[in-house]
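In: Using only what follows, build the 3D model:
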Amino acid sequence: MNVRLSVGTLWNKEQGMRTIGWCMVFLGMVAGASFTRSAAENTAETRTTLTVATDNAGPRTRATLTAHVAATDLTGSPSGVVNFRAEKTDLGSAFLNGEGNASLQTDSLAAGNHQVIAVYKGQASYLSSTSEPQRLHADVSTVAGFTVAASPTTLSTPVGGFVSSVVTVTPVNGFDGYVSLSCNGLPVSSICTFTPLSVPASCTTSVSGVEACIPGTSVMQIQTIAPSPPTTALNGGGSGLRRYVFVFPALFGLAGLGACRRRTGRNLALGLLALAGAMSITACAQRYKYLNHGPPGNPGTPTGSYVVTVDAQSSTGAQTTTPPTQPQITLTITAATT
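Out: Numbering: from 1, shown residues only. Alright, predicted model coming up:
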């Protein structure tokens, strides 16, 4: 009986521990659900509205973006950050004030129409929200850049000559930097150079707000290459050398035949004669070809009409700026005059 009592007591203890464990799990789930429901009840939904105003009085279109964030239950005022975007471009961010307003001024919009939105990031007690897109039109390009022009744009030269054109880089919208120039579309056997290779161009704004832009210039030169003259024999004594190509091996072989009395020696001498003749032919063939024909000539720059494009770009390492259009030059190459 004692044994059964002990076993029964042990079993009751294990069952009790299991019961207590399941109770703790159940209570934890109830508490977690209650906490989650309470947190959800304490997080308010928000509504973000956006207004856009533009000013085209100056050289750039300046836009003022104002976002208002409010809680839908009208309790309290959300705080945090609002981000403003135009399509895929990040225009900047601003903090909400005590009244739920955030404002940003920007002049970094290109000319044309844009769809602008305001995105509220949200806070611990307020959910994030996005405004309806608003249309923004910029009349004047506000992106710092430059334009490139060449004069003249029609050039002509005979083969072997050179032509020049002046390339002008004009900065706009506060651009300040160096513009690198290069050529594209040159015919073969011709080169293009710029003096200078990198053109400085800058805009400055006075205290009164007046912008002055100073263009930069570079001289582009296209040099063509004339064909090389016809090649002739480089050494007039080559014909004399040819006459003795076989003479010396033959004399050497005949001398060997006279010195040999046995049949074996005569056969050996004949073999040496043939070998010497073959070696002489191989060694002299290349020299003969060079002395009488020379290296291949340079055909020069081919005649015809070509379209040469002046490529320009400016880079800060993090951003590369190119002009809206690249100037093109029509190059005509004619036959050389005699």
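In: what does stretch 314-324 contact?
Out: Around stretch 314-324, the neighbours that count as contacts under Cβ atoms under 8 Å, 6 or more residues apart in numbering are A144, G145, F146, T147, V148, F175, G177, Y178, V179, S180, A312, Q313. In this view, the C-beta of every residue, glycine as well, is placed from N, C-alpha and C.
In: which residues in the stretch 1-150 of the chain form helices?
Out: With DSSP state H, counting those that start in this stretch as the criterion, the stretch 1-150 of the chain has helices at 2-42.
In: Low-confidence ranges, it, go.
Out: By pLDDT under 70, the low-scoring segments of the stretch 1-150 of the chain are 1-42, 57-60, 74, 140-142.
In: rewinding a little: most widely separated two among the contacts of stretch 314-324?
Out: A144 and S180 (16.6 Å; Cβ to Cβ).
In: okay, those two: which has more neighbours?
Out: A144 (17 against 14; other Cβ atoms under 10 Å).
In: residues in contact with the more buried one?
Out: So A144 contacts P171, V172, N173, G174, F175, D176, C203, T321 (Cβ under 8 Å, 6+ apart).
In: Ignoring the adjacent residues along the chain, who's closest to the third one?
Out: The spatial neighbour of N173 that comes closest, neighbours along the chain excluded (Cβ to Cβ, 6 or more residues apart in numbering), is A144 at 4.6 Å.
In: what do you get for L96?
Out: Leaving aside its sequence neighbours, L96 sits nearest to A102 (Cβ to Cβ, 6+ apart; 4.9 Å).
In: Please look at S79 and A124 and confirm they touch.
Out: No: checked against Cβ atoms under 8 Å, the pair S79 and A124 is beyond contact range at 10.0 Å.
In: Pick out whichever of those two has more residues nearby.
Out: Neighbours per residue (other Cβ under 10 Å) separate S79 from A124, with S79 holding more: 15 against 9.
In: Not counting sequence-adjacent ones, nearest residue to the more buried one?
Out: Per Cβ to Cβ, 6+ apart, closest to S79 is L96, 5.4 Å.
In: Burial check on that neighbour, number of neighbours?
Out: 22.
In: Now do the same contact list for it.
Out: Residues in contact with L96 (Cβ under 8 Å, 6+ apart) are V69, S77, P78, S79, G80, V81, V82, A102, Y120.
In: Among those residues, which lie within strands?
Out: If you go by DSSP state E, the contacts of L96 have V69, V81, V82, A102, Y120 in strands.
In: May I see the residues you listed arranged in CSV, with distance to S128 as well?
Out: Listed next are those as CSV, based on distance: Cβ to Cβ, whole Å:
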residue, distance to S128
V69, 10
V81, 10
V82, 10
A102, 14
Y120, 5
